[in-house]
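Sequence plus predicted model, see below.
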Amino acid sequence: TIGTGVADTAGTVLAGNFVWSFITAPAPTPPTVISTVPANLATNVPVGQAILATFSEAMTGTTIDTATFTLAGPGTTAVTGRVTYTASGSVATFTPTVPLAYSTLYTATITTGVTGLSGTAMASNYVWTFTTAAAPTTTVPTVISTVPANMATNVPLNQLVSAIFSEPMNPATIDSTNFTLQAAGGGAVAGIVAYAAVGNTLTFTPTANLAASTQYTATITTG
């Protein structure tokens, strides 16, 4: 409004108030997180997974850092890592310094400290959780059969002693330290230990024939 109190240089005032109106643009829409990797409540997440968040609009990259994008483990223990922002796609990435722990619940948070290019901050913190995968199962090798069989009798005195494993073994670990043959009431039996990858078979060849009517004990250690 310009009122009739204004006058030109000759003193002539406006004949009436001059009034006009206009409407301002709407307030900028706060940016939001529209998707994440892993997704909220995801399970079996690989422990080497980088954490990603995609925004609804282009962001001010300098506002996205380790202060505004955090990852925490149990008991709010902070995970160390590096945060980057890719303008193409509006994606923020948190890359942990070391792999995450197995079977663990993690919480990722992006705070209202991040802003869009308009300077508008998110309306509230964005928080999501995920659980990492369980540790891989390790197969323990076993001995599945032996010659002679356990508790066998009438074993020939020139018998080779052998054992078959459930899986391929490390040949360097199969030696006279980890395989022994012992006579009852006597010492260790001298001989040669060998391993055949075909058949996963350990073979012990005594240097001399075994003694008659004698109990022998063969042992494969956890080595």
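Perfect, thanks for sending it. Numbering: from 1, shown residues only.

helix or strand for the residue most central in space within the chain, which one?
When C-alpha atoms, centre = their mean is applied to the chain, the residue found nearest the centroid is residue 47 (0.3 Å). Per DSSP states H and E: residue 47 is located in neither a helix nor a strand.

Could I get the full set of strands for the chain?
33-37, 42-45, 51-55, 69-72, 81-86, 91-96, 105-110, 126-132, 143-147, 161-165, 179-183, 191-196, 201-206, 216-220 (DSSP state E).

in its sheet, what does the longest one sit against?
Strand partners for strand 126-132, identified by DSSP bridges, are recorded as strand 42-45 (parallel), strand 105-110 (antiparallel).

Find the residue closest to residue 41 in space, skipping its chain neighbours.
Nearest residue to residue 41, sequence neighbours excluded (C-beta to C-beta, 6 or more residues apart in numbering): residue 129, at 6.3 Å. Yep, even glycine has a C-beta here, placed from its N, CA and C like the rest.

wait, the one you found sits on residue 105?
Yes - counting by C-beta atoms under 8 Å, residue 105 is a contact partner of residue 129 at 6.1 Å.

about what we covered before: show the model's pLDDT score for the residue nearest to the centre of the chain.
Looking at residue 47, its pLDDT reads 95.

Cross-check the contact I'm expecting between it and residue 133.
Yes - applying C-beta under 8 Å, one finds residue 47 in contact with residue 133, separated by 6.8 Å.

For these two, list the residues in contact with both.
Listed as contacting both residue 47 and residue 133 by C-beta atoms under 8 Å, 6 or more residues apart in numbering are residue 102.

Give me the distance between residue 77 and residue 100.
As judged by C-beta to C-beta, to the nearest Å, residue 77 and residue 100 stand 11 Å apart.

higher neighbour count, those two?
residue 100 (20 against 11; other C-beta atoms under 10 Å).

Apart from its neighbours in sequence, what residue is nearest residue 55?
Residue 55 sits nearest to residue 90 (C-beta to C-beta, 6+ apart), 4.3 Å away.

Count the neighbours of that neighbour for me.
Close neighbours of residue 90, defined as other C-beta under 10 Å, add up to 21.

swap in the one 3 residues further on?
Counted with other C-beta under 10 Å, the burial measure for residue 93 works out to 17 neighbours.

Pull the contacting residues for it.
With contact taken as C-beta under 8 Å, 6+ apart, residue 93 is in contact with 50-52, 83-86.

Residues in a beta bridge with it, which ones?
residue 52, residue 84.

Distance-wise, check it relative to residue 61.
12 Å.

Just give me the neighbour total for the nearest residue to residue 181 once chain neighbours are set aside.
Ranked by C-beta to C-beta, 6+ apart and with sequence neighbours excluded, the top spatial neighbour of residue 181 is residue 189, at 4.2 Å. Residues contacting residue 189 under the criterion other C-beta under 10 Å number 19.

Wait, residue 189 touches residue 210, no?
Yes - between residue 189 and residue 210 there is a contact under C-beta under 8 Å: 7.2 Å.
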